[in-house]
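Participant: take a look and give me a structure for this.
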Amino acid sequence: MNDKILNEILVLLRSHYHIINIETVDDDRAYAIAKEVAELKNLPFFEWSVHKGLMKMGDAFLDTQDILKVLTYISGTIDQGVYLLRGFKPFLENTEVQSHLISLVDRLNNDESALFFTGKGAHLEDPLKSHIASLTLPLPTENELLKLLKQIYQDLSQKNKIEINISKKDLEVLILNLKGLSLFEAKKILTMVMVEDGILSKNDIQKVIESKKRLIEKEGVLEYYTPEESFADIASLKGLKDWLKKRQYFIEKPDQARKMGLDFPKGILLLGVPGTGKSLCAKAVSQEWRLPLLRMDPAKLYSKYIGETESKFNKAMQISEKMSPLILWIDEIEKAFASSGDSDGGLSQRIIGSFLSWMQERKGDVFVIATANDITKLPPEFLRKGRFDEIFFVDLPDQDSRKEILKIHLKRRNLSYLNLELDELAMLMEGFSGAEIEQVIISALYSTLSDDVNITHSVLEKEITSTNPLSRTYGEKIQSLRNWAKTRTVSAN
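Facilitator: Numbers count the residues shown, from 1 in each chain. Below is the predicted model:
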């Protein structure tokens, strides 16, 4: 159980708030909290639902399914107790229910009794608001998820043979990938992976990731990525890598970092030429820091229906905080937050304002990695100091970096054995981006495949000379971008 939440509830009860709204859709956790409060106060515990009515230790009270009848019962009884009313939110609109709740305030203040009710987004108006406390239930901790796993194993083992064949390290990874889910969601996933083959093993980590991915992508704005790239797959960018490695200290030792007065890093904006590895960096950071990676798709954000775009954006931010700690990757951020003035009815300005407010006030540990190719389309508010921890400029690779990129892509395709003049090839590729270098190798492979010959230096040279890189076709734009970045950004290279 989360001690912080429990202490918060006990303080509210001592402050004479005897009716508490628990903001959650996870009724199982609300049940556990209310039951623990009853045990601490040595009081009987009652729970109510519209289907079963009022129950005490599994025994139902007759004719108590109706909400007014159960509230009348609580008002009239002289016995103390802790009550949990599940799914109570819809009844708050009923004026009779409101009247009963107000009368219950005086009744409950006479003793140690307490009444909890659950329901996400419960709207309380005066005079109810002044008598009822509300608190939001945080998502389960890793310890709570581990307890849940043990409980599921015990329950399933009574009916079926379940084998546990997973190392402590892999179990930690599995639990880490359950973070951000409610106990109800985690319970369904864990039960599924154990029942499926009767064993909990390392292979179930991927099944958990896939299940979590489906839950997130069901909302339609965020995509869950499982990156395989690391810093070793990125040539050069030493300045950026060094900066990120220093911040990794917080990820690995958050408690120690917070004692030193440090906060979870906000994020970075990667500005640069297309194809220079900005998106690859986002994936590599996720792998190195061992944090989940969510990608916001700008194309899925905007809607023609009034209010839906804002709703989608707010939902995406809520999911990000819910899943934290994580990395939120916004690729080509200028497409998502380009300023359109009044041509869209002020929609883009509202989304920009919401995003900047969220960046300042977010509650979860979310590290934002935003990439941009065209700085002119971004509103100046984004570039103000303090929005991001740092703005990095990713330029085209130099000679040594081009040679390193060649090695990486040749190795990836099992071509490291080739006796190629890499220095000469890298020199011929001056002005090429990392993506263009990779494409040269791919084109050369297709040429050798169709001609039934081996890849050679001359084949690669031919592909290089037939490629027209962006640095030639958009030379002026790239130079203008470099000029802008010179005094406003930090070099990533």
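Participant: which of the helices or strands spans Ser279?
Facilitator: Assigned by DSSP states H and E, Ser279 falls within helix 278-289.
Participant: whatever helix or strand comes next after that helix - which strands sit beside it in the sheet, and in what orientation?
Facilitator: Heading C-terminal from helix 278-289, the first helix or strand you meet, by DSSP H and E, is strand 293-296. When pairing is defined by DSSP bridges, strand 293-296 lines up against strand 222-225 (antiparallel), strand 326-330 (parallel).
Participant: can I get the last one in CSV, CA atoms only?
Facilitator: Going back to what we said before, that points to strand 326-330. Coordinates of each C-alpha in strand 326-330 appear next as CSV, following Å, rounded to 0.1, in the frame of the first residue of the first chain:
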residue,chain,number,x,y,z
LEU,A,326,9.3,7.8,-19.5
ILE,A,327,10.5,9.5,-22.6
LEU,A,328,8.0,11.4,-24.8
TRP,A,329,9.3,11.7,-28.3
ILE,A,330,7.7,14.4,-30.5
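Participant: average pLDDT for that strand?
Facilitator: Across strand 326-330, the average pLDDT comes to 91.
Participant: how far does that strand sit from the chain's center?
Facilitator: Relative to its parent chain, strand 326-330 has a centroid offset of 7 Å by C-alpha atoms, centre = their mean, to the nearest Å.
Participant: in the stretch 1-150 of the chain, which spans are helices?
Facilitator: With helices called from DSSP state H, counting those that start in this stretch, the stretch 1-150 of the chain shows them at 3-14, 27-40, 67-76, 95-109, 128-131, 142-157.
Participant: what's the angle from whichever helix or strand Glu436 is part of to helix 278-289?
Facilitator: For Glu436, the host element (DSSP H and E) is helix 434-451. Going by axes from the mean of the first three to the mean of the last three C-alpha atoms, to 10 degrees, helix 434-451 is angled at 100 degrees with respect to helix 278-289.
Participant: just checking, what packs against helix 434-451?
Facilitator: Here helix 434-451 touches helix 399-412, helix 457-465, going by 3 or more C-beta pairs under 8 Å, 6 or more residues apart in numbering; DSSP states H and E. Quick note: C-beta positions are derived from backbone N, CA and C, even for glycine.
Participant: identify, out of those, the most deeply packed stretch.
Facilitator: Mean neighbours per residue, mean count of other C-beta atoms under 10 Å, is largest over these for helix 399-412, with a mean of 18.
Participant: now what about it, what contacts it?
Facilitator: 233, 235-236, 397, 416, 418, 420, 422-423, 425-427, 429-430, 432, 434, 437-438, 441, 493 (C-beta atoms under 8 Å, 6 or more residues apart in numbering).
Participant: can you state the direction angle for that helix and helix 457-465?
Facilitator: Going by the same axes, to 10 degrees, helix 399-412 makes 120 degrees with helix 457-465.
Participant: for helix 399-412, what is the average pLDDT?
Facilitator: 92.
Participant: just the CA coordinates for the helix or strand following that helix, please, in PDB.
Facilitator: Per DSSP H and E, the first helix or strand lying C-terminal to helix 399-412 is helix 422-428. Provided in PDB are the C-alpha atoms of helix 422-428 (Å, rounded to 0.1, in the frame of the first residue of the first chain):
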ATOM      1  CA  LEU A 422      36.400   3.900 -46.100                       C
ATOM      2  CA  ASP A 423      38.400   7.100 -45.900                       C
ATOM      3  CA  GLU A 424      38.100   7.700 -49.600                       C
ATOM      4  CA  LEU A 425      34.400   6.800 -49.600                       C
ATOM      5  CA  ALA A 426      33.800   9.100 -46.700                       C
ATOM      6  CA  MET A 427      35.600  11.900 -48.500                       C
ATOM      7  CA  LEU A 428      33.400  11.400 -51.600                       C
END
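Participant: can you count the residues close to Gln248?
Facilitator: The tally of other residues near Gln248 (other C-beta atoms under 10 Å) stands at 15.
Participant: how about residues contacting stretch 103-112?
Facilitator: Residues contacting stretch 103-112 (C-beta under 8 Å, 6+ apart): 13, 16, 18-19, 41, 43, 71, 74-75, 80, 113-115, 131.
Participant: give me that answer again for 6 Å
Facilitator: His16, His18, Lys41, Ser75, Gln80, His131 (C-beta atoms under 6 Å, 6 or more residues apart in numbering).
Participant: check the offset of that stretch from the chain's centre.
Facilitator: Distance of stretch 103-112 from its chain centroid, counting by C-alpha atoms, centre = their mean, is 41 Å.
Participant: likewise for stretch 11-31?
Facilitator: Taking mean C-alpha positions (C-alpha atoms, centre = their mean), stretch 11-31 and its chain are 26 Å apart.
Participant: next: stretch 324-336.
Facilitator: Relative to the centre of its chain, stretch 324-336 is centred 11 Å away, using C-alpha atoms, centre = their mean.
Participant: stretch 163-181 now?
Facilitator: Using C-alpha atoms, centre = their mean, the offset of stretch 163-181 from its chain centre is 18 Å.
Participant: begin at 39 from here
Facilitator: All right, first residue 39 from here; so that's stretch 201-219.
Participant: got the contact list for Ala322?
Facilitator: Contacts of Ala322 by C-beta under 6 Å, 6+ apart are Glu267, Ser268, Phe269, Ile272.
Participant: quick check: the gap between it and Ser481.
Facilitator: From Ala322 across to Ser481, the span is 25 Å (C-beta to C-beta, to the nearest Å).
Participant: what's the answer for Gly469, then?
Facilitator: 17 Å.
Participant: try Ser504
Facilitator: With C-beta to C-beta as the criterion, Ser504 and Ser481 are 8 Å apart.
Participant: more neighbours: which of these two?
Facilitator: Remark: of Ser504 and Ser481, Ser481 carries more neighbours, 17 against 9, as counted by other C-beta under 10 Å.
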